[in-house]
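Novice: Fold the stuff below for me.
(one chain, ligands or ions: 2)
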Amino acid sequence: MASPLGEWVLRANIMQCEDAVLGRIHFLESGELVYLTTAGDLLGRGIGQWIEGIEGIKGSGSVAFQLDIFQYEATSKKHVQTEPHRFRGFGKLPEGKAAWVGEWQYLVFQQPPRVVGRFHACRSTPTLAMPMLSQKPLEELPSKMKTAMTSKLEKLSETFPMMQPSWVPHHLPGKIQDVHYVRNFLEPKQVEEFERIIEKTCDWERMNTRDTQEFGSSGQCPCGRSLIKAALPAWQSTMVDALCTLGAFHPVLFPPNSVRLNAYKPGQGIHPHLDGPVYFPRAAIVSLGSHCIFDLYPRTGDDEKQGFTWDRDKEVPAAPEMPPGTKPQLSLLLEPGSLLILSGDAFTHHRHGIKASEEDEITPQVKNAKDIGLSIGDSLRRGRRVSLTIRHLLPRCNCSPVF
Ligand SMILES: O=C(O)CCC(=O)C(=O)O
Ligand SMILES: [Fe+2]
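Specialist: Ligands and ions are numbered 1, 2, ... in the order given. Predicted structure coming up:
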């Protein structure tokens, strides 16, 4: 019996784009699939499931697989895709060493699958020969088999993170998309424990606006385009793992590799900024110590001009000034032990910042004040606040093994 187990080289087109997907794909005995992009300047990976033809239905020897692929151009200065792309392949396994050719579908969230071309796969060799593109008519799978396999794959697929029901109550409705706030993400005891570890172990870089320390990377890799991965301290990786398990980050991405600690004295803050395309567009911010008011600003439309440079005066990533007098569009009171997640729109288009004040006043813009039992006009004195910003710093080359 032919079996897909083991490694193949896969290439698949999306409409006219011939090598939209090109890489090594591994069929595991567990029914899982792993894909690694090997196409020129593209970096990325994918995960998924595969199934064999269902017994008793015409069309045995068929295999169907589903892949969620996340990939981006290494040198691109634009934001990467915010969700992986989902594909499905259906095809009868070849005899011997012949190429495996089948139907290739693209699945847009909540839309019926669209056939966008074919996949071609051949057994992986040390020289990574590319599968030849065949123009021969495809041997279609019997429709009953395709329907049965489709419904089996659907049952196996997991919903994308943040769309799982457990996240819904934490979503903040409003004009700024993709903001989630979780009160008491950490228990007070855990907050204290983390504060204690930070006081004992942190080696802060003192800045005017705050103290800071970055974890997860060390020097530059040999080609100079990426940073070398460094292990996170155990207490941070526990937190990162918990966030991954809860679905705060998509499993197709490598686990978040960057943790930035910021410490603010009363009267300090962070200038409104965008974190920028050096990261995957998602940041999880865990707060310890004092509360603060965190502001999100209206889109300025010039976020494309945001690059990779650092503004030494403002001590944030460089960006054009906002029009004078721009007021926050949304403010949130961040409590100790809380988790804030900014993704998609909120991450890429809306600057965020914390005013340099010693006292915070509750204004009508503070969206979650009522949930916390505060009223408009109340004021709160700030103490020292420490935050952890957890993100994916994206590799920009293939020489550092950050994936
Ligand atoms: O301290 C915070 O809550 C925000 C930190 C931040 O925006 C950043 O590090 O980019
Ligand atoms: Fe930020």
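Novice: give the contact list for the spatially closest residue to residue 276 that is not a sequence neighbour.
Specialist: Once flanking residues are discounted, residue 276 sits nearest to residue 317: 4.7 Å by Cβ to Cβ, 6 or more residues apart in numbering. Just so you know, the C-beta spots here come from the backbone N, C-alpha and C atoms, and that holds for glycine as well. Residue 317 is in contact with 273-276, 306, 308-311, counting by Cβ atoms under 8 Å, 6 or more residues apart in numbering.
Novice: Out of the residues you listed, which comes closest to residue 350?
Specialist: Nearest to residue 350 among the contacts of residue 317, counting by Cβ to Cβ, is residue 274 at 7.9 Å.
Novice: What is the burial count for the closest one?
Specialist: Other residues lying near residue 274 total 22 when counted by other Cβ atoms under 10 Å.
Novice: again, but for residue 95
Specialist: Residue 95: 8 neighbours (other Cβ under 10 Å).
Novice: what residues are up against it?
Specialist: Residue 95 neighbours (Cβ under 8 Å, 6+ apart): residue 2.
Novice: Now do the same for the closest residue to residue 57 other than its chain neighbours: helix, strand or coil?
Specialist: Residue nearest to residue 57 in three dimensions, not counting chain neighbours: residue 145, with 4.9 Å by Cβ to Cβ, 6+ apart. The three-state label given to residue 145 by DSSP: H, G, I helix; E, B strand; the rest coil is helix.
Novice: quick one: residue 145 from residue 64, how far?
Specialist: 9 Å (Cβ to Cβ, to the nearest Å).
Novice: Between those two, point out the one with more neighbours.
Specialist: residue 64 (25 against 20).
Novice: May I ask you to confirm that that one is in contact with residue 153?
Specialist: Yes. Counting by Cβ atoms under 8 Å, residue 153 is a contact partner of residue 64 at 6.0 Å.
Novice: how much space is there between the residue nearest to residue 276 and residue 298?
Specialist: 18 Å.
Novice: and the closest residue to ligand 1 within the chain, what element?
Specialist: Using Cβ to the nearest ligand atom, the single residue of the chain nearest to ligand 1 is residue 387, 3.5 Å away. Applying DSSP states H and E as the criterion places residue 387 in strand 385-391.
Novice: Name the strands paired with that strand and say parallel or antiparallel.
Specialist: The strands that strand 385-391 pairs with in its sheet are strand 258-264 (antiparallel), strand 282-289 (antiparallel) (by DSSP bridges).
Novice: before we move on, back to that, thought the residue of the chain closest to ligand 1 was touching residue 287?
Specialist: Yes. Assessed by Cβ under 8 Å, residue 387 is found in contact with residue 287 at 5.2 Å.
Novice: Now the common contact residues for the two.
Specialist: residue 334.
Novice: Confirm that residue 149 lies within a helix, as I assumed.
Specialist: Yes. Under three-state DSSP, residue 149 falls within a helix.
Novice: Low-confidence ranges, the stretch 101-250 of the chain, go.
Specialist: Scanning the stretch 101-250 of the chain for pLDDT under 70 picks out the ranges 126-129, 160.
Novice: Tell me where it has helices.
Specialist: 143-156, 188-201, 234-245 (DSSP state H, counting those that start in this stretch).
Novice: if I pick the residue nearest to residue 57, what's in contact with it?
Specialist: 53-54, 57-59, 62.
Novice: Looking at those residues, which are in strands?
Specialist: With DSSP state E as the criterion, strands contain residue 62 from among the contacts of residue 145.
Novice: Now restrict the contacts of residue 145 to buried residues only.
Specialist: Among the contacts of residue 145, those scoring as buried are 53-54, 57, 59, 62 (criterion: 16 or more other Cβ atoms under 10 Å).
Novice: sorry, back to before: so how many other residues sit close to the residue of the chain closest to ligand 1?
Specialist: Neighbours of residue 387 (other Cβ under 10 Å): 23.
Novice: so how far is residue 239 from it?
Specialist: 12 Å.
Novice: residues shared between the contacts of these two?
Specialist: Going by Cβ under 8 Å, 6+ apart, residues that sit against residue 387 and also against residue 239 are residue 286.
Novice: Can you spell out which residues form a bridge with residue 35?
Specialist: If you apply DSSP bridges, the partners that residue 35 bridges to are residue 25, residue 46.
Novice: For it, the count of nearby residues, please.
Specialist: 25.
Novice: got it, and residue 278?
Specialist: 17.
Novice: for it, what are its contacts?
Specialist: Counted by Cβ under 8 Å, 6+ apart, residue 278 has contacts 308, 393-394.
Novice: circling back: identify those among the contacts of residue 145 that sit within helices.
Specialist: Here DSSP state H is the test, and the contacts of residue 145 give no hits in helices at all.
Novice: Show me the subset of the contacts of residue 145 that also lies near ligand 1.
Specialist: Among the contacts of residue 145, no residue sits close to ligand 1 (Cβ under 6 Å from any ligand atom).
Novice: By pLDDT, give me the weakest of the contacts of residue 145.
Specialist: Ranked by pLDDT, these bottom out at residue 59, which has 69.
Novice: hang on, the earlier thing: can I get the helices of the stretch 101-250 of the chain in a markdown table including distance to ligand 1?
Specialist: Below are the helices of the stretch 101-250 of the chain laid out as a markdown table (distance: least, Cβ to the nearest ligand atom, whole Å):
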| stretch | distance to ligand 1 |
| --- | --- |
| helix 143-156 | 37 |
| helix 188-201 | 13 |
| helix 234-245 | 15 |
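Novice: Give the buried residues for stretch 196-210.
Specialist: Here stretch 196-210 shows 198, 202, 209-210 as buried, counting by 16+ other Cβ under 10 Å.
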